[in-house]
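Colleague: here's my sequence, what's the structure:
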Amino acid sequence: MWEHLLLCITGLCGGIVIASGTAGLLIGLSIIPRYAGITHTGSHILLYEDSALLGIILGNLACLFPVSIPLGDPFLIIYGFFSGIFLGSWILALAEVASMFPIFARRIQLTGGIPAAIIAMALGKCLGSLLYYYRGWQ
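Modeller: Numbers count the residues shown, from 1 in each chain. Have a look, this model is predicted:
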């Protein structure tokens, strides 16, 4: 009993430390302010930061204590779709802040077709996640 309690506390604390570091990276690289600027909702930036930390804590708890929500496949499809949009937008915001695309294009000497390359990457990510959820890999 005590061993399990100690493992739960250790796992929860370790997860919160790692997840908070991720949130700190998102906030420190000004990704949240940039995301708020793109969506023209800069007045709610503190709400974004608090929501990110709350989501990290709740996600950590959900990993430690799995909860089953029996809403069926349609809910899973909808959840996966919106989760993919959310994650993709954060990845693109990070890439924009880090100036990844111009550096990458210059390194591979890509002079044209950058929008097509970005769309191809987005479609690849989308198809990969659809395949992941369809096949049930975990």
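Colleague: center of the chain - which residue?
Modeller: L87 (3.7 Å; C-alpha atoms, centre = their mean).
Colleague: pretty sure G59 contacts S20?
Modeller: No. Using C-beta atoms under 8 Å, G59 is not in contact with S20, being 11.9 Å away. The C-beta positions use only the backbone N, C-alpha and C, and glycine is treated the same way.
Colleague: how many residues are close by Y48?
Modeller: 19 (other C-beta atoms under 10 Å).
Colleague: got it, and the one 3 residues further on?
Modeller: S51 has 12 neighbours, counted by other C-beta under 10 Å.
Colleague: what's the answer for G28, then?
Modeller: 10.
Colleague: what distance do you get for it to L87?
Modeller: As judged by C-beta to C-beta, to the nearest Å, G28 and L87 stand 19 Å apart.
Colleague: before we move on, what about S43?
Modeller: For S43, the distance to L87 - C-beta to C-beta - is 24 Å.
Colleague: do W137 as well
Modeller: 17 Å.
Colleague: lowest confidence element among the helices and strands of this structure?
Modeller: helix 100-107 (a mean of 72; mean pLDDT, DSSP states H and E).
Colleague: where along the chain do the helices fall?
Modeller: 2-28, 31-38, 45-64, 72-97, 100-107, 114-135 (DSSP state H).
Colleague: buried residues in the last one, which are they?
Modeller: Right, helix 114-135. S129, Y133 (16 or more other C-beta atoms under 10 Å).
Colleague: kindly calculate the angle that that helix makes with helix 72-97.
Modeller: Here helix 114-135 runs at an angle of 150 degrees relative to helix 72-97 (axes from the mean of the first three to the mean of the last three C-alpha atoms, to 10 degrees).
Colleague: so what's the gap between helix 114-135 and the chain middle?
Modeller: Taking C-alpha atoms, centre = their mean, to the nearest Å, one finds helix 114-135 lying 15 Å from the centre of the chain it belongs to.
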